[in-house]
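Participant: All I have is the shape, not the residue letters:
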């Protein structure tokens, strides 16, 4: 099983691919999973950038009931939602989906990755179908 940082990159890549296909529901599911993986990998700024995007894109979803992704993950209700989504889209399944698609090129440098992630999220916001 991949580590949390690898899982973050896998889920985020699938979110980009889903966005490019105008599949916003899948995009947001993969972003939800990427946010949880970002927290577990210690990427709090990325988790919170994902939180901001998801709350703007879907203000009535459960995540919007919390003031941050980190606080949401501390609650039983949200953990249940996250685990349920994770069971449906395991990292192994996500890897298979990514292998069947044209994956985006992800920067390997940490600072570049954080900046790249923010740019991708901004493009989602600007071009949400």
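Facilitator: Looks like it arrived, so ask away. Since this is a predicted model, take the numbers as computed values, not measurements.

Participant: Distance-wise, check residue 62 relative to residue 118.
Facilitator: As for residue 62, its distance to residue 118 is 24 Å (criterion: C-beta to C-beta, to the nearest Å). For glycine as for every other residue, the C-beta is placed from the backbone atoms N, C-alpha and C.

Participant: oh, I was asking about residue 17
Facilitator: Using C-beta to C-beta, one gets 18 Å for the distance from residue 17 to residue 118.

Participant: try residue 3
Facilitator: For residue 3, the distance to residue 118 - C-beta to C-beta - is 22 Å.

Participant: If we ignore the residues flanking it in sequence, what's nearest the spatially most central residue of the chain?
Facilitator: A centroid search over the chain (C-alpha atoms, centre = their mean) returns residue 31, at 2.2 Å, as the residue closest to the centre. Setting aside the residues directly before and after it, residue 31 is nearest to residue 15 in space (C-beta to C-beta, 6 or more residues apart in numbering), at 4.7 Å.

Participant: Settle this for me: the one you found is touching residue 35, isn't it.
Facilitator: No - no contact is recorded between residue 15 and residue 35 when judged using C-beta atoms under 8 Å, the distance being 10.0 Å.

Participant: any shared contact partners between the two?
Facilitator: Common neighbours of residue 15 and residue 35 (criterion: C-beta atoms under 8 Å, 6 or more residues apart in numbering): none identified.

Participant: quick check: mean pLDDT across the helix or strand hosting residue 81?
Facilitator: Under the assignment given by DSSP states H and E, the secondary-structure element containing residue 81 is helix 76-88. Over the span of helix 76-88, the pLDDT mean works out to 93.
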